[in-house]
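The amino acid sequence is not available; the structure is as follows:
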């Protein structure tokens, strides 16, 4: 039995997309399951097969794989008799909704941390960070948004903030050292959270967190739980841009020692919970990969 | 008596140039004096007048003003009788030669600091740094050159190094945090040295020096003595680029606490010598500005 054409189209879109954030991409990936719901007699092996393909599509986009594996296992748990079609749609939509709502829950949790007007430094263009900043707009004295070369996504975040009436200043990346004394809080998103609590995010996060540490400023990373990396293996960081000139990485890793607090949709994500989530996602991926 | 046309042309060129380094600009500025040598009966007041105009042309380019003031005072000291023409050419050329040779002397002094193969991090495009790197080419394991937005002068330094056979890697600015653990020495030029030993240089120097401090790496700034700022007043940092988007500074100040060693053409430039040089240049400027 072959995969529905629409599922394969979604796979290709997920593979090629360089615009969506990590969670947006995971939500999109789950769309690949939906056409299976319209098929009579979709089997567990077909479901697992599609999930395995999704796991390979963007291996460094951890939440795509995690969300796909979690959805697959949920559907398998419901459908004990091997016929999964009827559960796919409901479970996929539930899961997508959960992913989308996590952002608001994170913004709520972050908002609790801010008890007075603050100046915030951020970089790149995290939708979760945007949500957090909108939530505390009444307590924002200033927002510094780094341009974020390569990619310059800071420009998008800055204009998004301006549109919603949040005053902000777009700054060159290397102004981070001079600006930090004027900053209270560094607020950064995450592409993945490693098992030891260190955070993979857009290039520059490591530098910003270190400078903040040196200046005694608070550093928050915000991340949906589904971004926890399931393994201890070293992550291969995706290089997105190559201008034919030297070394152009796109991500970096901020060691846990420079992360003041990691905030997820339940509030603080402590190291023991990161490890538990890593184990959970490793187990879900194992179930997907194992023979039936 | 009016200024020779060629002198005024040089003034305009100095005003408009955004390509030459600080020392190159100072050398060019001294050319403005030379046409006065061809005039019969050039007076001290004409000499001072031209120097005052040079002092105003690029006020944040400290070495332009310092070199002009120093040349003016040297000529005045020679010409006790108020007729300065005959001293101008020889003194101007002597001074220009001194400025040009300083780079090589700094490279010699820096070379003494490097007793084993090292990996170096630098940014922007300092001719003095280039000279230093060429001098220790046999002891260079790797050179990381940051792109240096705004301006991207790192690209020029990188290709200059490659032309002379020095292997190097052009890196995005915000990789500084991730790269520093692989670096032994941060080597940076200077646009000005403030009286308290802090250094004005291309944006990003502050960040690089702080990250190096955090990682326990050595930070050297190299600067010709003529770059010492004569005053305690806060320096107005020149903003060179404005892309119509937010805040685009071009320079920053690295506090003395993050400067491991400041190297000038005589070797280490210790804080007490910085203060003495500041006082010297302040006195030279006072003499230029005072009525005869």
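Thanks, I have it. Treat the numbers as computed from the prediction; the structure is a model and nothing was measured. Residues are numbered from 1 along each chain as shown, chains lettered A, B, ... in the order given.

Within range of chain B, give me the residues from chain A.
A:123, A:146-150, A:155, A:158, A:169-178, A:203-204, A:206-211, A:213-214, A:245-249, A:252-253 (C-beta under 8 Å from any C-beta of the partner chain). Bear in mind the C-beta positions are built from the backbone N, C-alpha and C, glycine included.

Pull out the buried residues from the residues you listed.
The neighbour-count criterion (16 or more other C-beta atoms under 10 Å in any protein chain shown) marks A:123, A:146-150, A:155, A:158, A:170-178, A:203-204, A:206-211, A:213-214, A:246, A:248-249, A:252-253 among the residues of chain A next to chain B as buried.

from the residues of chain A next to chain B, which ones fall inside helices?
If you go by DSSP state H, the residues of chain A next to chain B have A:155, A:158, A:176-178, A:206-211, A:213-214 in helices.

mind listing the strands for the stretch 1-150 of chain A?
In the stretch 1-150 of chain A, the strands defined using DSSP state E, counting those that start in this stretch lie at A:118-123, A:140-146.

among these, which is the most enclosed?
strand A:118-123 (a mean of 24; mean count of other C-beta atoms under 10 Å in any protein chain shown).

what's that one packed up against?
Contact here means 3 or more C-beta pairs under 8 Å, 6 or more residues apart in numbering or on different chains; DSSP states H and E; on that basis strand A:118-123 packs against helix A:127-135, strand A:140-146, strand A:185-188, helix A:205-214.

switch to 7 Å and redo it
Judged by 3 or more C-beta pairs under 7 Å, 6 or more residues apart in numbering or on different chains; DSSP states H and E, strand A:118-123 is in contact with strand A:140-146, strand A:185-188, helix A:205-214.

and those as a markdown table, adding distance to residue A:69 and mean pLDDT?
Formatted as a markdown table, the helices and strands packed on strand A:118-123 follow (distance: least, C-beta to C-beta, whole Å; pLDDT from 0 to 100):
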| stretch | distance to residue A:69 | mean pLDDT |
| --- | --- | --- |
| strand A:140-146 | 34 | 96 |
| strand A:185-188 | 26 | 98 |
| helix A:205-214 | 26 | 98 |
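
now these in JSON lines, with distance to residue B:219?
Below are those laid out as JSON lines (distance: least, C-beta to C-beta, whole Å):
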{"stretch": "strand A:140-146", "distance to residue B:219": "23"}
{"stretch": "strand A:185-188", "distance to residue B:219": "23"}
{"stretch": "helix A:205-214", "distance to residue B:219": "14"}
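
Quick one: low-confidence residue ranges for the stretch 1-150 of chain A.
A:1 (pLDDT under 70).

ok, which stretches of it are helices?
For the stretch 1-150 of chain A, the helices defined by DSSP state H, counting those that start in this stretch occupy A:5-16, A:22-31, A:34-37, A:44-57, A:62-78, A:85-112, A:127-135.

Can you check what angle separates the first one from helix A:22-31?
In terms of direction (axes from the mean of the first three to the mean of the last three C-alpha atoms, to 10 degrees), helix A:5-16 departs from helix A:22-31 by 160 degrees.

Likewise for the fourth one?
Here the directions of helix A:44-57 and helix A:22-31 differ by 150 degrees (the same axes, to 10 degrees).

Please give the centre-to-centre distance between helix A:44-57 and its chain.
Taking C-alpha atoms, centre = their mean, to the nearest Å, one finds helix A:44-57 lying 21 Å from the centre of the chain it belongs to.

which helices and strands sit right next to that helix?
helix A:5-16, helix A:34-37, helix A:62-78, helix A:271-289.

Tell me which of those helices sits most buried.
With neighbours defined as mean count of other C-beta under 10 Å, these peak in mean count at helix A:62-78, which reaches a mean of 24.

Tell me how far that one lies from the chain's centre.
That offset, for helix A:62-78, works out to 16 Å (C-alpha atoms, centre = their mean).

same question, stretch A:61-73
12 Å.

cool, stretch A:267-276 as well?
Centroid separation for stretch A:267-276 versus its chain: 16 Å, with C-alpha atoms, centre = their mean.

Between the two ends of it, how far is it?
The straight-line separation of the ends of stretch A:267-276 (C-alpha to C-alpha, to the nearest Å) is 16 Å.

do the same with stretch A:165-173
Using C-alpha to C-alpha, the gap from the first to the last residue of stretch A:165-173 comes to 23 Å.

Now do that stretch: everything it contacts.
A:133-134, A:137, A:140, A:142-149, A:154-155, A:158, A:161-162, A:179, A:204, B:149-150, B:173-174, B:203, B:245-248 (C-beta atoms under 7 Å, 6 or more residues apart in numbering or on different chains).

Equivalent analysis for stretch A:275-283, please.
Taking C-beta under 7 Å, 6+ apart as the criterion, the residues outside stretch A:275-283 that touch it are A:66, A:69, A:195, A:225, A:228, A:229, A:230, A:231.

Go again with 6 Å.
Under the contact criterion C-beta atoms under 6 Å, 6 or more residues apart in numbering or on different chains, stretch A:275-283 has outside partners A:66, A:195, A:225, A:228, A:230.

Likewise for stretch A:112-129?
With C-beta under 6 Å, 6+ apart, stretch A:112-129 has contacts from A:21, A:103, A:106, A:136, A:139, A:141-146, A:148, A:153-154, A:156-157, A:182-187, A:189, A:202, A:204, A:222.
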